[in-house]
Each structure stands twice: as C-alpha cells, then as structure tokens.
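J.: mind looking at a prediction? Sequence and model below.
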Amino acid sequence: MLHLENMVLCRESQVSTLQSLFGERHHFSFPSIFIYGHTASGKTYVTQTLLRSLELPHVFVNCVECFTLRLLLEQILNKLNHLSSSEGECSTHITCEIFNDFVRLFKQITEAENLKDQTVYIVLDKAEYLRDMEANLLPGFLRLQELTDRNVTVIFLSEIVWEKFRPNTGCFEPFVLYFPDYSIGNLQKILSHDHPPEYSADFYAAYINILLGVFYTVCRDLKELRHLAVLNFPKYCEPVVKGEANERDTRKLWRNIEPHLKKAMQTVYLREISSSQWEKLQKDDTDPGQLKGLSAYTHVELPYYSKFILIAAYLASYNPARTDKRFFLKHHGKIKKTNFLKKHEKITSLVTLQLLTLVGHDDQLDEPKYKCTVSLDFIRAIARTVNFDIIKYLYDFL
Amino acid sequence: MCFISYRNSLTLWLTQLFCFPDGIDNVLFIIVSSVAFPRKSRISFVEMSSRKSKSSNLIQADYVSQVAPTVRNLPAMLETCVQSLGWKDPLEKELAVHSSIFAWEILWTEKPGGLQSMGSHSQVQRILRERFCHQSPHGNLFGVQVQYKHLIELLKRTAIHGESNSVLIIGPRGSGKTMLINHALKELMEVEGVSENILQVHLNGLLQINDKIALKEITRQLNLENVVGDKVFGSFAENLSFLLEALKKGDRTSSCPVIFILDEFDLFAHHKNQTLLYNLLDISQSAQTPVVIIGLTCRLDILELLEKRVKSRFSHRQIHLMNSFSFPQYLKIFKEQLSLPSIFPEKIFAEKWNENVQSLSEDRSVKEVLQKHFNVSKNLRSLHMLLILLLHFWFCLGNMLALNRVTPSHPFITAADLMEANQLCSMDSKGNIVHGLSVLEICLIIAMKHLNDIYEEEPFNFQMVYNEFQKFVQRKAHSVYNFEKPVVMKAFEHLQQLELIRPMERTSVNAQREYQLMKLLLDNTQIMNALQKYPNCPTDVRQWATSSLSWL
C-alpha cells in the first residue's frame, strides 16, 4: 500500500474508492465502472498502477488504437489468452469478428484454472470512441457480466461525461466515478517531483512557481505543463551555469526566464514550432523575436500570379457585388491581361491549399463558383508582399 | 499517550501485548485467525483507541477478528513507524523490530471464502456486495407476484401440457424482467420430470445482431446434427430449413417442448424482414413441437415495431412490470436489502445489525433522502447504486476517517453515511468538468453565456466570442488576460474537445474554423453553480459573470 502511495501522488481517496470497489479477488464486483475526469488527471495511470500492484488479472485496451470492432475484440481475447496460458505455451492468434463470437470465446478462455475464481478486469481507455463504433458494443460491454455469466468487470475511462454515452433506449447504468482535477498545490507537488538531481528541490520548486504563474491561467493540463517545464529548465539554469547569479537570486532568474516563457506561450505551446527547434533556439541564444512559426510559412511560397488571384478572390468574396464597379473600373484591364491558360491550374492549386473553396459545384460544370477562405491578416500579409494596398479596396474599411 | 495515527497505535498496542503474561496466547490467537484470513482484504482497524484504557488482558474474539485484517499490511505500516517515530527507548525499538518480524512470518494462505474464519464486517461486505453487484437468482421478488404467477402458469402449460404460446414481458430498465424469468425457470426446473424433458434457447438482441447469427446460435444451443463442437455448418437457408423441419416434425405428445427467451426483443424487430420472429411465431401458432416464445423488452411501443404478418401470429399476451410500488413499500425494500439473512453465523452481530437498519429506516433524514431518490427513479437498480456507495462510505471511508480523528469506531451504518452517498450519487458531472477548466476557458464560457443572453440562444462562432472577451479585457484592470488570439483559439478548441460546445453542423472545409457556428451545451444555472465552486476564481471574472455591463 505504501509504495503505491509513493507512485501515485495526490490521489489517495480515488485509490481507496477503487480498492473498495474491487473488493476481494473472488468477490463479484459491480459489472461496469465508468471513470471520467479531465485529461492528465491520472485516470489511466492510477487504474493501471493499482491493477498491476494488486496483481489482479486485467486487460488494458485503448479504443483509439483499436478503432474497429475486430481489432478491439481480438486484442482483448488474445491478451486474455496470454494471461491464462502457462509460461511455456505459445498460443495461437484468436480471430473474432462479431460480438456473439466474442462472448462465446470469452466464456471458454475464462474457464482456465488461473482465471476461474477471480474477477477479470477489462479496461477500455478513451472510451468515447466506442460511441462511434457498432451500436451494440457499448451496451454489450456494460452488461458483459450478465451476458457471459462470468466474474468480469469492465472499466471505462473517458474525458466525456456519462450522460453523453447513454444510448437511446437506455442501458445498464455503470458505477460513475469522478477523478477531480489537480489543484494548484497538487500540481506544484507533482511537477516538483521530477526535479533533476543536480539542483536542489527548492530551486526547482521556485522555477515551477514561476512557470505556473505564467501558464496556470491558460492551461491546467499536467502533460503540457510537464513538457513546458522540461523544455524551459535549461534556460532558467543558464544564469547559474554561467556564474552570473546563484541559486537564490530569485529576481535575476525571474527577469531572465519570464520573457522566454511568454514567447514559449506563443510558439511551443501552440505547436507553431517543434520542441527540438525550441531547444536549439535556447542553445544558440538567438533573439526569439525572429522566430517564424508554422503559420508564417504558408504564404511565402505562393507564385506571383497566384497571389493576385487570391487577392482578387478575397475582394470578390467579401465586397458586396454592387461596389465592384466603384473599385475596379480602372484596374479591370490588368486582370484581363493575365495568361488564361495558367489561370485554371493556379485556381485548382489554391483550392488544394484550402485557400479557396468550391461553392455549389453540383450542376455547374463550366462555371464553378469559388469563395476565398483566408483571414484578413493572411491576405494583408500577401498583399504586402506584392505591394498592393488591399485595405483601399475593401468595402468594410471605407 | 496521544495517538497520532493508526499506524502508531497499532505498534503501541502490539508492544503492550508483548508485555502481558498471557500475551503469548493472544498472539497465538491472532496468528491463527490471521492465517485463516484471505489475502488482500481491507483494513478494518477499529476500536484501538477506545480499548487502550481497558484491561488489556481481555481481548474479545470479534475484536481480534477485526484486527486480524490489519496485520495484512503490518509490514509496510511498521516500516514507516520505525522510521518516523525515531525510537529512543532501545527496548521499545527491539519490540517494534520484533513485531515486524512477527508480522512477516505470518503466512497468508488463499482461502476461497470460508465463512467461519472471516471477520463479521467483511462477511457483511461479502453478502451485501453479492446482493447488489451480482444479479443472483436468489433475491426476493418485490411487488411482482401477480405477473410471476401468470408467467409460471404459462410456462407450465407448455412444459407439462404441450401447449404453444408466446408472451412479451415489458418494463422499463431495471424493473426486474430478467430476474422474473430466471426465477420462473428455476421453479419450473424443480417440477418433477420437467428438467430432462425441456430445451431452452437464450437469445439476446445485443449479441445476435442479424438473423444469420441468431439462427446459428439457435442451432448451436439446440445441439442439432449440423453442429460439431462449436461450429455450425451450412448456409443461412440450409440452417433455417433444417431447423424448421426439426421443429415441425414433432407434435404435442412425442417431442420435447422448447422455450425460446429473446432478450432485447425490440432489437430483433430491426432485422431484415423480421424473418426470425416470423418463423418462430409461426411455429408457435401451428400444431407442431410445443414452443413458448418469451420476449423481454423495455419499449412500450413494441407492437408498433412488428410487421403485420408477425403481429398477427403473436398471441398479444403482455406482462407489464411497471415498478408499481409506493413509497412505504420502497422503504421496506430498502430495509430488506440491507438486512442480513438468518443464516449469518454470528447471530448477535446480525441481530444488532438488523436493529440498526430498522432504526435507520425510521430516521427522518434518511426518509427524506430516500423520498428524493424515489421521486427521481423508482427502479431498484438505482437503489442498489446508492447502497453500494453507502457501503463504500461506511466500510472504507468511515473507518479510515474515524481513525484519523481518533473518534469511536464505526461499526454500523449511520444516516450521515447515507447523506454523503446521496451527495455523490447526485453530482452534476458537467459541473465537475467545468471545475477543472483553466481561467481562460472559464472566461470564454462566460462570454458565451453573455452572447446567449443577448441574442437569445442563437448559435455563435469563435470570432463573436473573442470580441465579447476583448470587451472584458480592454477594461483597464484586466490587461492580465490579454492573450494572443491563437492561445484563445486553443482554449476554445479544448472546450470543443470536452464536448461543452458543439458545432451546429459537421466540420467542413467550406468555412474557416473561426467562423463555424457553435452552440453552448451548458445552461446558465449550471455555469453559475460551477463558478461558485470554482477554486480561486478571480473576483473580476466572477463579477463579469453576473453582469456583462461595462460600467460595473
């Protein structure tokens, strides 16, 4: 019990609830348990750790990995077979395509000696994807104990609340358990737990404090925060490493790291640049202001005439039709002079880039209508690269 | 001596034990009862603090049997004790070490549930868990005696007199349809000469999702000649003709009656042409092998789902299970579900327990809680859910908490346990999810709330929400929330992932993400309640939630 508490922080009451639900090995547990809570609130980790340390026979399946019925059922059966067979045997791969066969094969497998008198647990992670599979799958798993007449409990882990799972004609209601989100104190405790051994715990705790101060109002996801903590720690230690400050100079350290963290929020947090690029940036110590994210690259590479077609499309899409005369009488000639043969290719390539979309194409094969789907900032950036003042031509800015 | 934790108290108790002249007998007693105790049982550490002052020579049997499970985790607990307390007295240290050795030497043998050797508390757990978690056919039938009589009469007519019949058992989820049929079958099998003579086929709409699978399953269960082991040979047409022939050849006098039980009957009505239903009901109408078709369904409008030719072959017999008991009966059921059966070995404990349950069911606050529960849902399954939570609170949390607060033990269920269980049962799950959102996401939800108030629940898009949020941010004191637009977009997408907002139509390429119309799936009371409970909610955000006017 004690080592379990060391492995699983800040989750004592959930662990004790689960333990009391599991009960003793040969007891019947409740046929289905539904655990919900935010992402990174420890649902998968706690369930797995608990089942492993109590050495209960269990099968762990991720519904994103097994996205079809066949993959899901076969994985469960094969893992169970592996559990029930003795070490020396090499069991054959079981195939199963429908739920009826699954129930039949499940009954056979759980007749094995070492699975017979105990509760077998089937854990379905990311259970919200079950709703999109066959309609009988979710109600079937909820009742698996009744359908197979065996001592089995199915545990569903999900981010979405139970009310969104319930089928139309009702089903067997599972035991619903909530995993609360971590409070800021708990987050600090967990994040401070993985401090590198070279530095003291207090030093790292101060760093975590600063990090949470910047990011807590935006994001409370433990996985994101851990990722950011690991990425930015070298930059935080930089003054100490270079000898400019010692571990207790909190002001200096804060002044060094704060703009860096703010920049991180605009880039790494949004996945505009990858973490390896970010780490390289820290090492090279270049000015982070020159950073170009993913979204900045998209408009640089268009050919010259495509940019004009896009600008024209934008103006055509967002200016009301009656104002065209006012804007374009003088420039009408310019557009006519472009090479018509290439125009069609360029338009199709813009559609592929999803900068233009097809609107109402079904019956008009010779005059397809397009619409421009870029934002104002994007089109302004493009217009700037061709020295075209688009604001002058937009009706909304008159 | 001040007991700071149950771990310390256990060690101290053990040290006291070793000091007694007849301590060794008690130790033996503990060893004996703990060896017999099954592995992995819960800690039930009661009455340590209250016993310290009494004469320690007298250690009662049930007290020891309660303590015995604690010894299971003794090694781990004692390790921390020795480390944390920093024993100064060498004698005490030696005793502590000695007791840890003693703990390690206790062998845990797996005992598959021998009633005699377990502590009474865990026995109670076992019996009640069996009752609530496992659908056993031994439960009592509450308030469905008339329907039961009807059903058993029908079954007897087929089994004994060879009449063919069909009946539908209709009732909402959890009203006891499966339990009823299982009871009836059990009683039928006990009648003389029936069990060898009768065949049963159990089908379930969730498993047999089309007629081909259903037919194979019937053939398999009836063990006809085209079945070898588990495999059924032949195509659908061949199987069907084989089965029909087998069933048609018989007559009332010479063939075995067959009982067909179709669970989730309404799902069979969705199969193509309703072939299976048609054929089964056809056989039940003709003078061939006596069959009885029993359908179980939760849909009241099941007859509308049947095709005309199928409906005409159905005998229109319906048994309704409508949970038609009143609140006093509900109270009685509550009491009966919690009471221990008379075969419970420890008679005194069982009596005290049942008395406690009786007084609990007369308590006013308990009655209120049960009335609320009854008003929401009458069926027994939701009652079982409440009782499971109750058990959990009593056995697990009640005892652990009592130890930390050094209050007297918690041997019986109290009304407070039921209150807490009820609170857990009736939690608002979306409110819980809102509790875990970041401040930026809460601000977006409040902006959406204001948009809903102004535009009367018209759908909105991200740009509108962002503009509303900017109105809040641009007030002088709130520049701390001035985040970049992509960061706000990420928060918005997180809300979409949690299914708190939903797009009006499926995501298409035709519109940009910022301009897609969305709907908020929370209503104002939920949002305000969640904000009340939100930890460290900034006051300006809270004020903004109550009113969107900018001069406040």
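T.: Perfect, I can see it now.

J.: residue 240 sits in which helix or strand?
T.: I went with chain A, as the question did not name one. With elements taken from DSSP states H and E, the one containing A:Val240 is helix A:222-242.

J.: meant chain B actually
T.: With DSSP H and E as criterion, B:Leu240 is part of helix B:236-248.

J.: quick one, strands of chain B?
T.: For chain B, applying DSSP state E gives strands covering B:165-170, B:199-204, B:227-228, B:231-232, B:258-263, B:291-297, B:318-320, B:501-503, B:518-520.

J.: quick one: which of those strands is nearest B:Gln329?
T.: Nearest of the strands of chain B to B:Gln329, taken as Cβ to Cβ: strand B:318-320 at 17.4 Å. C-beta here means a position set from N, CA and C on the backbone, and glycine is covered the same way.

J.: what packs against that closest one?
T.: Applying 3 or more Cβ pairs under 8 Å, 6 or more residues apart in numbering or on different chains; DSSP states H and E, we find strand B:318-320 packed against helix B:145-161, strand B:165-170.

J.: switch those over to a markdown table; also include mean neighbour count and mean pLDDT.
T.: A markdown table is the format used below for the helices and strands packed on strand B:318-320 (neighbours: other Cβ atoms under 10 Å in any protein chain shown; pLDDT from 0 to 100):
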| stretch | mean neighbour count | mean pLDDT |
| --- | --- | --- |
| helix B:145-161 | 16 | 89 |
| strand B:165-170 | 22 | 94 |
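
J.: out of those, the one nearest chain A is which?
T.: Among the helices and strands packed on strand B:318-320, strand B:165-170 comes nearest to chain A, with 12.4 Å by Cβ to the nearest Cβ.

J.: quick one: check that closest one for contact with chain A.
T.: No - Strand B:165-170 does not reach chain A (Cβ under 8 Å from any Cβ of the partner chain); its nearest approach is 12.4 Å.

J.: how far out from the middle of the chain is that strand?
T.: Relative to its chain's centre, strand B:165-170 lies at 29 Å (Cα atoms, centre = their mean, to the nearest Å).

J.: sheet partners, orientation included, of it?
T.: Paired strands of strand B:165-170, with direction, are strand B:291-297 (parallel), strand B:318-320 (parallel) (DSSP bridges).

J.: which other helices and strands contact the helix holding A:Val240?
T.: Helix A:222-242 sits against helix A:184-193, helix A:201-215, helix A:250-266, helix A:275-284, with contacts defined as 3+ Cβ pairs under 8 Å, 6+ apart.

J.: contact partners of it?
T.: A:39-41, A:182, A:187, A:190-191, A:194, A:196, A:199, A:204, A:207-208, A:210-212, A:215, A:219, A:245-247, A:249, A:252-253, A:256-257, A:260-261, A:264, A:268-269, A:275, A:278-279, A:282-283 (Cβ atoms under 8 Å, 6 or more residues apart in numbering or on different chains).

J.: mean pLDDT lowest where, among the strands of chain B?
T.: With a mean of 73, strand B:227-228 has the lowest mean pLDDT of these.

J.: so what strands line up beside it?
T.: Strand B:227-228 sits in its sheet next to strand B:231-232 (antiparallel), going by DSSP bridges.

J.: which residues touch the partner strand?
T.: Under the criterion Cβ under 8 Å, 6+ apart, residues B:216, B:219-220, B:226, B:239 lie in contact with strand B:231-232.

J.: rerun at 6 Å
T.: B:216, B:219-220 (Cβ atoms under 6 Å, 6 or more residues apart in numbering or on different chains).

J.: low pLDDT regions in the stretch 451-552 of chain B?
T.: Within the stretch 451-552 of chain B, the ranges that satisfy pLDDT under 70 run B:476, B:478, B:507-511, B:548-552.

J.: one more time with 90, if that's ok
T.: Applying pLDDT under 90 to the stretch 451-552 of chain B picks out residues B:457, B:471-486, B:504-516, B:535-552.
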